[in-house]
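Participant: Prediction below, plus the sequence it came from.
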Amino acid sequence: MMRKSTIQKLVDKALADGPKAVPSKGMKYLKDVPIGSMFETKLGTRGVLIELHANAKVVILHSNCSKDDKNYYLGKQIISEHTEVYKWVE
């Protein structure tokens, strides 16, 4: 059985190191793409990055969704800055 102090040391080390998030091979996070760049995601969504703070403000130009849902998905959207993109044009 582990002592309480040993467990606390392990917890403190795990929290200090933290998880290291890296994008998949050949991809970048949206936060690493220059503002004004066009991008495409793995699912085929295409758009332009217009602003970047805690999240990314984008204009979605194309989305693989049904015609009924296009009005919702197209246009200005706020998505995660950690969205993986694999194509971008500066």
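Facilitator: Yep, it's here.

Participant: Could you pull out the helices in the chain for me?
Facilitator: 4-17, 70-73 (DSSP state H).

Participant: what sits against Leu52?
Facilitator: For Leu52, the contact set (C-beta atoms under 8 Å, 6 or more residues apart in numbering) comprises 30-31, 35, 81. Heads up, the C-betas are built off the backbone N, CA and C, glycines and all.

Participant: tell me which of those is nearest to Leu43?
Facilitator: Minimum distance to Leu43 across the contacts of Leu52 is 13.7 Å, recorded for Leu30 (C-beta to C-beta).

Participant: Kindly state the pLDDT recorded for that closest one?
Facilitator: The score at Leu30 is 93. That number is its pLDDT.

Participant: Settle this for me: it is touching Ile79, isn't it.
Facilitator: Yes - using C-beta atoms under 8 Å, Leu30 is in contact with Ile79, at 7.2 Å.

Participant: Can you work out which residues contact both of these two?
Facilitator: Common contacts of Leu30 and Ile79, defined by C-beta under 8 Å, 6+ apart, comprise 56, 58.
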